[in-house]
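Enquirer: Sharing a sequence plus its predicted fold:
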Amino acid sequence: MSTPLADRRRARSASLFVYSQIALGAAALVAGIANWECSDPLRWTSFAAVAALGSVLRVRLPGVEGAVSVSALFVLVGIVNLSLPETLVLGVIAMLVQCTWRTVNKPRPTQVLFNVGMVGTAVFIGSKLFHSARGTLPEPMTLGLLALAYFVANTLPVATVIALTGSRRILSVWREYRWMLPYYVVGCSLAWLIGTVPHAIQWELPIICLPLVYLVHRSNRTHINQIEQMNQHMAEMNGLHLRTIEALACAIDAKDHTTHDHLQRVQLYALEIGKDLGLSELALDALRAAATLHDIGKLAVPESIISKPGKLTRAEFDKMKIHPVVGAEILERVNFPYPVVPIVRAHHERWDGNGYPYGLKGEEIPIGARILSVVDCLDALASDRQYRRALPLDEAMARVACEAGTAFDPGVVRVLQQRYRELEARARTMTSEPKAPLSVDMKVSRGSAPAAGFETEAPRRPANVTEIHPVVRARNNDINEITRGLIGREALAVAALRTQSLVSYDAIGFFASEDDRVEPLFATGDDQRVLSSLRVAQGEGLIGWVAEAAKPILNGNPTVEPGYPADGCLASALALPLADDGRLVGVYRRGKDAFGPDDLIALTSIAPSVTSILTGIEASQMDGAALTLAQPA
């Protein structure tokens, strides 16, 4: 993990290397000038002028960083055909022109001195090596040795500076410059050809060659421009492809509002782990797309299941388990150029073979899916969910590590353990362009009726009401009799006390839904003040979900309520709608996993009595109500 101290050390190392390179170049130049000799000033002037003119003609290749000027050819010609002092001055002049003439970004003086020093050192090393080997080795080998030495002396210092400042390996950076070696080999061949020309016409030869060099340079530029246009078109198509992926991810976000940041974080984690495991570029592209789209199959899962702030029933989980298969079937139609579909289909498989949908085991599971399942689980544990609060990152990582060898690939978990803190720090600084939310809450006023007309709506029977036991019916009558004549909070307080004879609790609250918000009418017991202050939007938290979905929750987690403290004493909740039109909602809370099916049946059985009480309280102003019972762990 990068730290400020490590960054400062790398910066000092890079500065020390730059200044040492400048010093070496200055020493070589001083030595050359001190021993200046020029047997043919006209020929040297010709070479220097052509090298200076050639320095503005840069040759580059598509797909790689950096460029090399045509002047490098004439510097190599100088090494072969001129003395060391003449070539040193020629190289320095060419580099000064290259750094200062028609540059897009004006270089700093240190950069200019570094480049000049690098050329001076390269000329000195290349010249000494070439002239010492000439005569003892065959001419082709001598020229090849010169090309290699000049290549190393010109590229290795640049790679070293980049590696030191960017915390990369020097050899890894240096390999990116290997395309320049053939260029220097061509320069050495040109130097040898010029050396075979009669001495009497050698001063004219560089000038004669300059138009030919310019023609080659111009042809290179035209060809490069055509390739860049093709690359730009491919980049635009790739951008369209990525935007399509983002649009699909947006469709997921419309269904499951917790996934947007989750997808970004999972993508970062997955790609970095994939790089550490040596995945190919094609496999990384597949992993990038799969990390964004792995939950697209949730479009086929009812929203009430996705957003449920509590444990799923067996039937609900069976419905949830289809999302990897549906997601794979959706993405098969996209026809990705890399294997996204197998990753999405298998991202809920387990290392021990007990996952779904197909029970793949060990290395039968695609490596991308193994990576995705680990990082998906870690981020899910460390993030807030509808059914629980986020765990501390270290605790979440410890839980994932406990599943290594059973749920997860041990090799993937091992890499994640080494880097999860660093990746989490990067994820927290990650910024994305804000996008306008989808208009899922918009109310459209136009359109009076569908083409087929409206269904005739008959009054509906109360929901979730089972056959009432005679004892429970007596309790209902008892509640109705006792609360007769009472109004407002008095009736609710009496109803709460009588309810406790059927369902044990430590806190109880009644809530009403109005203007798309669920607000408390009455609360008593543990955390009474907190329950009385809850203001929850429809669909949010526990009571908001019950109010919107009109479905009960057994042993829900009270801490997922917006505004409920994580250290609250209430650990689980039983909540249900008291009528199927969503107008009335009941919620009970008590100790962790303290409720059973009998409690739900009992509470459902007395729902008619509680409903009648709540209906009589400010009925004209209420769209729904909630009853809450709870007990601490």
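Expert: Nice, thanks for sending it over.

Enquirer: quick one: what helix or strand has Ala23 in it?
Expert: Assigned by DSSP states H and E, Ala23 falls within helix 4-34.

Enquirer: and that helix, average pLDDT?
Expert: The predicted model assigns helix 4-34 a mean pLDDT of 82.

Enquirer: again with stretch 381-391
Expert: On average, the pLDDT along stretch 381-391 is 77.

Enquirer: First-to-last residue distance for that stretch?
Expert: 6 Å (CA to CA, to the nearest Å).

Enquirer: same thing with stretch 592-600?
Expert: Note: stretch 592-600 ends 15 Å apart using CA to CA.

Enquirer: circling back: mind listing what's buried along the helix holding Ala23?
Expert: Neighbour-count burial for helix 4-34, counted by 16 or more other CB atoms under 10 Å, picks out Arg10, Ala14, Phe17, Val18, Gln21, Ile22, Leu24, Gly25, Ala28, Leu29, Gly32. All C-beta atoms are positioned from the backbone trio N, CA, C, and that covers glycine.

Enquirer: average pLDDT across the helix or strand that that helix is followed by?
Expert: Later in the chain than helix 4-34, the nearest helix or strand by DSSP H and E is helix 41-54. Taken as a whole, helix 41-54 has a mean pLDDT of 79.

Enquirer: Domain parsing of the chain, as residue ranges.
Expert: Under automatic domain parsing, the residue ranges defining each domain of the chain are 4-214, 256-429, 470-632.

Enquirer: rank the ones you listed by pLDDT, which is bottom?
Expert: Looking at the domains of the chain, the weakest mean confidence is domain 470-632, a mean of 72.

Enquirer: Do you have the strands of the chain handy? List them.
Expert: Remark: strands assigned in the chain by DSSP state E are 58-59, 68-69, 507-514, 517-525, 536-537, 553-556, 570-577, 585-590, 624-632.

Enquirer: packing partners for the fourth one?
Expert: Counting contacts by 3 or more CB pairs under 8 Å, 6 or more residues apart in numbering; DSSP states H and E, the secondary-structure elements packed against strand 517-525 are helix 488-499, strand 507-514, helix 528-533, strand 536-537, helix 541-549, strand 624-632.

Enquirer: Save the buried residues of helix 4-34 as CSV, and put in distance to Thr165 too.
Expert: Below are these laid out as CSV (distance: CB to CB, whole Å):
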residue, distance to Thr165
Arg10, 6
Ala14, 5
Phe17, 10
Val18, 10
Gln21, 14
Ile22, 16
Leu24, 20
Gly25, 20
Ala28, 25
Leu29, 26
Gly32, 30
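
Enquirer: List just the nearest of the residues you listed to Val325.
Expert: The shortest approach to Val325 among the buried residues of helix 4-34 belongs to Arg10, at 48.4 Å (CB to CB).

Enquirer: re earlier: which one of the helices and strands packed on strand 517-525 lies closest to Leu145?
Expert: Closest to Leu145 of these is helix 541-549 (CB to CB; 75.1 Å).

Enquirer: Please state the offset of that closest one from the chain centre?
Expert: Centroid separation for helix 541-549 versus its chain: 31 Å, with CA atoms, centre = their mean, to the nearest Å.

Enquirer: For that helix, name the packing helices and strands.
Expert: In this structure, helix 541-549 packs against strand 507-514, strand 517-525, strand 536-537, strand 553-556, strand 570-577, strand 585-590, strand 624-632, with contacts taken as 3+ CB pairs under 8 Å, 6+ apart.

Enquirer: now the second one against helix 488-499, angle please.
Expert: The one in question is strand 517-525. Between strand 517-525 and helix 488-499, the angle comes out at 60 degrees (axes from the mean of the first three to the mean of the last three CA atoms, to 10 degrees).

Enquirer: Check the burial of Gly166 by counting its neighbours.
Expert: For Gly166, the count of nearby residues is 11 (other CB atoms under 10 Å).

Enquirer: and it, what does it touch?
Expert: Val173 (CB atoms under 8 Å, 6 or more residues apart in numbering).

Enquirer: Check the spacing between it and Ile601 real quick.
Expert: Gly166 is 66 Å from Ile601, where distance means CB to CB, to the nearest Å.

Enquirer: next one: Ser172
Expert: For Ser172, the distance to Ile601 equals 67 Å [CB to CB].

Enquirer: neighbour count winner among those two?
Expert: Between Ser172 and Ile601, counting by other CB under 10 Å, Ile601 is the more crowded of the two (17 against 11).

Enquirer: Check the burial of Thr165 by counting its neighbours.
Expert: Thr165 has 16 neighbouring residues, counting by other CB under 10 Å.

Enquirer: and it, how far is that from Ala159?
Expert: As judged by CB to CB, Thr165 and Ala159 stand 11 Å apart.

Enquirer: doesn't Thr429 make contact with Leu268?
Expert: No: contact between Leu268 and Thr429 fails when scored by CB atoms under 8 Å: they sit 10.6 Å apart.

Enquirer: who has more neighbours, those two?
Expert: Taking neighbours as other CB under 10 Å, Leu268 and Thr429 compare with Leu268 leading, 19 against 6.

Enquirer: can you pull the contacts of the more buried one?
Expert: Contact analysis of Leu268 by CB under 8 Å, 6+ apart lists Leu423, Arg426, Ala427, Met430.

Enquirer: for the third one, what are its contacts?
Expert: When you say that, I think you mean Ala427. Residues counted as contacts of Ala427 (CB under 8 Å, 6+ apart) are Gln264, Arg265, Leu268, Tyr269.

Enquirer: Please tell me how far it sits from Gln264.
Expert: Applying CB to CB to Ala427 and Gln264 gives a distance of 8 Å.

Enquirer: Same question for Ala31.
Expert: For Ala31 relative to Gln264 (CB to CB), the value is 57 Å.

Enquirer: do the same with Ala291
Expert: Noted for Ala291: a distance of 9 Å to Gln264, by CB to CB.

Enquirer: Please apply the same query to Arg12.
Expert: Look at Arg12 and Gln264: by CB to CB, they are 35 Å apart.

Enquirer: My read is that Arg288 contacts Glu272, right?
Expert: No: judged on CB under 8 Å, Arg288 makes no contact with Glu272 at a distance of 11.3 Å.

Enquirer: what are the ranges of the helices in the stretch 351-500 of the chain?
Expert: For the stretch 351-500 of the chain, helices defined by DSSP state H, counting those that start in this stretch occupy the ranges 367-381, 393-402, 410-429, 470-483, 488-499.

Enquirer: With distance to Ala537 as added columns, please give the ones you listed in CSV.
Expert: Below are the helices of the stretch 351-500 of the chain laid out as CSV (distance: least, CB to CB, whole Å):
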stretch, distance to Ala537
helix 367-381, 23
helix 393-402, 28
helix 410-429, 27
helix 470-483, 30
helix 488-499, 23
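
Enquirer: and Ala549, which of the ones you listed is closest to it?
Expert: helix 367-381 (21.8 Å).

Enquirer: ok and that closest one relative to helix 393-402, angle-wise?
Expert: Relative orientation of helix 367-381 versus helix 393-402 (the same axes, to 10 degrees): 140 degrees.

Enquirer: chain center to helix 367-381, what's the gap?
Expert: Relative to its chain's centre, helix 367-381 lies at 13 Å (CA atoms, centre = their mean).
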